[in-house]
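Q: below: sequence and its predicted model.
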Amino acid sequence: MRVGRKKRPSFRLIAIDKASRRDGRAIEELGFYGPTQNPPVITVKEEPLIGWLNKGAEPSETVESVLKQAGIWQKWLAQKPAPAKN
């Protein structure tokens with residue numbers, strides 16, 4: 001979700017229902033990303049975020065790249081349960 005002034009963006013990382021509007025009501029706020037600061041500020045609540053990913057939440061491409069920058073994406077991939085084989 002984009003927040004901030006004109007020409008000074010900052011973003012909240014949120015869990016939201018896929019059918020909701022882009023800036024609609026969030027289920028849970030999971031972090032913050034401030035790209036205009038040097039270096040960019042990334043704060044994330046890791047446990048709730050990983051919980052949502054384990055439940056099947058699909059991050060957008062942008063959120064995935066932010067998680068890769070923060071190193072959380074690699075942590076999740078390392079602990080991700082292997083798919084069941086039939």
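A: Looks like it arrived, so ask away. Nothing here was measured: the structure is a model prediction, and the numbers come from that model.
Q: residues contacting residue 17?
A: Shown in contact with residue 17 (C-beta atoms under 8 Å, 6 or more residues apart in numbering): 24, 27. For the C-beta atoms, the positions are set from N, CA and C on the backbone; glycine is no exception.
Q: helix/strand/coil for it?
A: For residue 17, the secondary-structure state derived from DSSP: H, G, I helix; E, B strand; the rest coil is coil.
Q: what about the strands in this structure?
A: Counting by DSSP state E, residue ranges of the strands within the chain are 2-5, 8-15, 28-34, 41-44.
Q: tell me which of the ones you listed lies nearest to residue 52.
A: Closest to residue 52 of the strands of the chain, according to C-beta to C-beta: strand 8-15, at 5.1 Å.
Q: what's in contact with the closest one?
A: Strand 8-15 has contacts (C-beta under 8 Å, 6+ apart) with 1-4, 26-36, 44, 48-49, 52, 57, 63, 66.
Q: can you tell me the strand partners of the helix-or-strand element of the chain with minimal mean pLDDT and which way each runs?
A: Least confident element among the helices and strands of the chain, by mean pLDDT, DSSP states H and E: strand 2-5 (a mean of 85). Counting by DSSP bridges, the strands paired with strand 2-5 are strand 8-15 (antiparallel).
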